[in-house]
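1. would you be able to build a 3D model of this:
(2 chains)
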Amino acid sequence: MSDPQLVLAARVQAALSAAFGPSYADADPVIRPSQFADLQSNVALPLAKRLEGERGGKQNPRAVAQEILDRLDVSDLVSDVQVSGPGFLNFTFSDEWIAAQAQRALADEHLDVPRAERPQKVIVEYSSPNVAKEMHVGHLRTTIVGDAIARILEFLGHDVVRDNHVGDWGTPFGMLIEHLLDLGEDKAASNDSSVSDLTAFYQAARVKFDGDEEFAERSRKRVVLLQAGDPETLRLWNVLVDVSKRYFNVVYGKLGVTLTDDDIKGESFYNDLLAPTVKELEDKGIAQISEGALVVFPPGFKGREGEPLPVIIRKSDGGYNYSTTDLATIRFRHDVEHADRVVYVVGAAQALHFQMVFAVAGMAGWTGDMRLEHAQIGNVLGTDGKLLRTRAGGTVKLAELLDEAVERAGTEFDKIERKEPLPAAERADIVEKVGIGAVKYADLSVALDSEYVFDFDRMIAFKGNTGPYLQYAAARIRSIFGRAGVEPQDATGPIVLGHEAERALALRLLGFGAALQQAGDAAEPHKLATYVYSVADAYTTFYENCLVLHEDEATRASRLALSAVALRTLATGLDLLGVPVPERM
RNA sequence: GUCUCCGUGGCGUAGUGGAUAACGCGUCGGACUACGAAUCCGAAGAUCGCAGGUUCGAAUCCUGCCGGGGACACCA
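-> Residues are numbered from 1 along each chain as shown, chains lettered A, B, ... in the order given. Presented below is the predicted three-dimensional model:
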């Protein structure tokens, strides 16, 4: 283990237990970044308070800090440690220790990031588009944030289940199937635009449903057949689902997302579980009839007029709704999948819905130790501060948005002067990665619950805290290896730290594990994005101050090795965010 | 009305209850005859919405107020 924070935390804890007894072994050592040293421990200040109760009489935090220091064994780690300010312990790591840890990261294919001691089964529910509907900007964030969370947790050694909770069930499918029959189902197989243009297909069905009573009646009957499991209806339903899956995969391909067909567990999957779920709620006496519907009133939720707010689990017409599905899903994840944690990457507007559904699941005893969390995704806004729309006022299709990002990246890319033009194929590859990476990084670098204004110019800028800047930083490191005629994986060091910028870079690189840990625990990818940017920043400072190639053999070997760790940390970090990294730019 | 999220330099944001609030854009001033200037260095710029409270210590926790977004019974 080489993570400075974790190493230090363990040492301070040992000292606490030695100085004050075993009951202090679990105390948080409060290790924090410091402006006066590499890290500081703030534990003495709260501890002094606690000791006052036990010892009786005032305790000076500085004296407590000194007591800890007296029992602290960190001689192999630090070059300096001292009591400072009101009672902080300031630690400065020795260059030798930092270099040794960087060397470990270099030698380890996992960059010496520890895998979880107790791996959890984590279900990450994300993307969740609707069958027979176009994916729009609203799906952008839930898809890429969820994908990043899944990748990060996986890297940390957890058992991650990607769960694409596709909207593939419900009343609209009656009219969609009837419309498909009217058009002729061969249109689906031949990818005719009357079907493959999902927006047009859906709207045409809707128009007929609203205007043609005979069609509407057929549609309603079709829904009944669908839910009863009629084989021919299910076959037609599958035709629609397949068209949509093909379309989802095109978008996922553009987006570089790890979701596959195997990750789809749509609403239809839970269809047979709805009735048993509702029955259990009835049997347990949790559900009751209200205004003709079967509902649960979780305590503490109130509506407009202060009246109790229900979760409707069976509509007055006998049908089920999405609350029922979500409850059945929780029950399944607990009883069958045995998940330790479920992360719902879904829009913030559904916050109340999830709170209530989680509460009902808790009442029914379906959660146990399973941690349910809603990662509330903020809206993507247009420059007018309202939900992003097309100029005509329609929803922005995700695929078109991505195509425009790539096109704009190309325009910017071609403005850059270069000695020799890149081959067309390579240019296309780079531009694709820059455009998509820019959009993804812009999204992943801000807190997932905050809204943001979608602005191509800001995202695709090649300077500042942007995807292209980070891609460029990585490409520039690769370029050094190109000049050296050495592959990054062949750089073996030994790493020796001399210059201040080398030390700062190495220390920064050792923080990868802690950054991932925090991003994973909180399910907040932007914490990783912030870290990755800080690595690029530390590297450019190093790059400006320390020559790599034009130095003596030992310095060159050390700096190449340091560059190799930096490159892999950058590339791995960006990969976990789902941001592609071109070899050259 | 209730609940909820948010309010941090001109703009966009970060910030595990810890010391002098960090970064990017923009502005101003510098740096290419050595590894990619798509870069870097420096400067100016903030009573962290307001007022109380808890705490040795608050941008962070609590209460109230102001301002904004969102949700609030049979669509998902």
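2. residue contacts, the closest residue to residue A:404 other than its chain neighbours?
-> Distance criterion Cβ to Cβ, 6 or more residues apart in numbering; nearest residue to residue A:404, sequence neighbours excluded, is residue A:456 at 7.2 Å. Yep, even glycine has a C-beta here, placed from its N, CA and C like the rest. Each residue near residue A:456 by Cβ atoms under 8 Å, 6 or more residues apart in numbering is listed here: A:404-405, A:408.
3. out of those residues, which are buried?
-> Among the contacts of residue A:456, the ones that count as buried by 16 or more other Cβ atoms under 10 Å are A:405, A:408.
4. let me know the closest of the contacts of residue A:456 to residue A:346.
-> Lowest distance from residue A:346 to the contacts of residue A:456 (Cβ to Cβ) belongs to residue A:405, with 23.8 Å.
5. distance of the closest one from residue A:459?
-> 7 Å (Cβ to Cβ, to the nearest Å).
6. for the spatially most central residue of chain A, what are its contacts?
-> The residue lying closest to the centre of chain A (Cα atoms, centre = their mean) is residue A:149, at 2.7 Å. The neighbourhood of residue A:149, defined by Cβ under 8 Å, 6+ apart, consists of A:124, A:126, A:343, A:345, A:375, A:520, A:523, A:525.
7. adding pLDDT, write these out as JSON lines.
-> Shown next, in JSON lines, are the contacts of residue A:149 (pLDDT from 0 to 100):
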{"residue": "A:124", "pLDDT": "97"}
{"residue": "A:126", "pLDDT": "96"}
{"residue": "A:343", "pLDDT": "96"}
{"residue": "A:345", "pLDDT": "96"}
{"residue": "A:375", "pLDDT": "94"}
{"residue": "A:520", "pLDDT": "96"}
{"residue": "A:523", "pLDDT": "95"}
{"residue": "A:525", "pLDDT": "96"}
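8. now, the most widely separated pair of those residues?
-> A:126 and A:520 (14.9 Å).
9. who in the stretch 201-350 of chain A is up against RNA strand B?
-> A:267, A:290-293, A:295, A:302-304, A:306-307, A:309-310, A:312, A:315-317, A:319, A:321-322, A:325, A:348-350 (Cβ under 7 Å from any atom of the strand).
10. mind giving me the ChimeraX select for those residues, buried ones only?
-> In ChimeraX syntax, the buried subset of those is picked out as below (16+ other Cβ under 10 Å):
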select /A:267,293,295,310,312,321,322,325,350
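11. tell me the buried residues in stretch A:81-101?
-> For stretch A:81-101, a neighbour-count test (16+ other Cβ under 10 Å) marks A:81, A:83, A:87-95, A:97-99, A:101 as buried.
12. residue A:254 is in what secondary structure piece?
-> Secondary structure assignment for residue A:254, by DSSP states H and E: helix A:231-255.
13. sec struct for residue A:79, please.
-> strand (DSSP: H, G, I helix; E, B strand; the rest coil).
14. what does residue A:368 give?
-> State at residue A:368, reduced to three classes by three-state DSSP: coil.
15. next one: the one 4 residues further on
-> When states are read from three-state DSSP, the local structure at residue A:372 comes out as strand.
16. now do the contacts for it.
-> A:330, A:341-342, A:344, A:354, A:358, A:361.
17. again, only this time at 6 Å
-> Residue A:372 sits next to A:342, A:358 when contact means Cβ atoms under 6 Å, 6 or more residues apart in numbering.
18. residue A:445 versus that one, what's the distance?
-> 27 Å.
19. and what of residue A:139?
-> For residue A:139 relative to residue A:445 (Cβ to Cβ), the value is 19 Å.
20. what does stretch A:240-253 rub up against?
-> Under Cβ under 6 Å, 6+ apart, the answer for stretch A:240-253 is A:129, A:131-132, A:135, A:168, A:176, A:188, A:195, A:259, A:261, A:398-399.
21. report how many residues lie close to residue A:458.
-> Counted with other Cβ atoms under 10 Å, residues neighbouring residue A:458 total 14.
22. buried set for stretch A:57-71?
-> Buried, per 16+ other Cβ under 10 Å, within stretch A:57-71: A:59, A:61-62, A:64-65, A:67-69.
23. just the strands in the stretch 201-350 of chain A please.
-> Counting by DSSP state E, counting those that start in this stretch, residue ranges of the strands within the stretch 201-350 of chain A are A:288-290, A:293-296, A:311-314, A:341-347.
24. what of chain A?
-> A:31-33, A:39-41, A:78-84, A:88-93, A:121-125, A:159-163, A:288-290, A:293-296, A:311-314, A:341-347, A:371-377, A:380-381, A:452-453 (DSSP state E).
25. spit out the contact partners of whichever residue of the stretch 51-200 of chain A sits closest to RNA strand B.
-> Closest to RNA strand B within the stretch 51-200 of chain A is residue A:85: 2.8 Å, counting by Cβ to the nearest atom of the strand. Counting by Cβ under 6 Å, 6+ apart, residue A:85 touches no other residue.
26. the one 10 residues further on too?
-> Contacts for residue A:95 (Cβ under 6 Å, 6+ apart) come out as A:497, A:503.
27. up against RNA strand B, what does the stretch 1-150 of chain A have?
-> Counting by Cβ under 7 Å from any atom of the strand, the stretch 1-150 of chain A sits next to RNA strand B at A:5, A:30, A:32-37, A:40, A:42, A:45-46, A:49, A:61, A:84-86, A:88, A:90, A:130.
28. if you set the cut-off to 6 Å instead, what comes out?
-> A:30, A:32, A:34, A:36, A:40, A:42, A:45-46, A:49, A:84-86, A:88, A:90 (Cβ under 6 Å from any atom of the strand).
29. which non-adjacent residue is nearest residue A:353?
-> Once flanking residues are discounted, residue A:353 sits nearest to residue A:323: 7.2 Å by Cβ to Cβ, 6+ apart.
30. can you read off the pLDDT for the residue lying closest to residue A:11 once chain neighbours are set aside?
-> Closest residue to residue A:11 apart from its sequence neighbours, by Cβ to Cβ, 6+ apart: residue A:74 at 5.3 Å. Here, the pLDDT recorded for residue A:74 equals 93.
31. where does chain A have low pLDDT?
-> A:1 (pLDDT under 70).
32. got the domain ranges for it?
-> A:4-93, A:172-256 (automatic domain parsing).
33. buried residues in stretch A:40-49, which are they?
-> Neighbour-count burial for stretch A:40-49 [16+ other Cβ under 10 Å]: A:40-45, A:47-48.
34. what's the spacing between the closest residue to residue A:421 other than its chain neighbours and RNA strand B?
-> Excluding its sequence neighbours, the residue lying closest to residue A:421 (Cβ to Cβ, 6+ apart) is residue A:427, at 7.9 Å. Residue A:427 sits 10 Å away from RNA strand B, going by Cβ to the nearest atom of the strand, to the nearest Å.
35. number of residues surrounding residue A:427?
-> 14.
36. ok, now residue A:354?
-> 16.
37. contact partners for it?
-> residue A:374.
38. so how far is residue A:298 from it?
-> As defined by Cβ to Cβ, residue A:354 lies at a distance of 12 Å from residue A:298.
39. check residue A:365 too.
-> Taking Cβ to Cβ, one finds residue A:365 at 14 Å from residue A:298.
40. which one's more surrounded, the two?
-> residue A:298 (19 against 12).
41. does the more buried one touch residue A:359 like I think?
-> Yes: using Cβ atoms under 6 Å, residue A:298 is in contact with residue A:359, at 3.7 Å.
42. still on that earlier bit, flag every buried residue along the helix holding residue A:254.
-> Across helix A:231-255, burial judged by 16+ other Cβ under 10 Å covers A:233-234, A:236-237, A:239-241, A:243-245, A:247-248, A:251-252, A:254-255.
43. stretch A:10-29 too?
-> Neighbour counts over stretch A:10-29 (16+ other Cβ under 10 Å) mark A:11-20, A:24, A:27, A:29 as buried.
44. returning to what we had before: can you pull the contacts of the residue nearest to residue A:353?
-> Residue A:323 neighbours (Cβ under 6 Å, 6+ apart): A:311-313, A:357.
45. run the last query once more with 10 Å
-> Counting by Cβ atoms under 10 Å, 6 or more residues apart in numbering, residue A:323 touches A:295-296, A:310-314, A:353, A:356-357, A:360.
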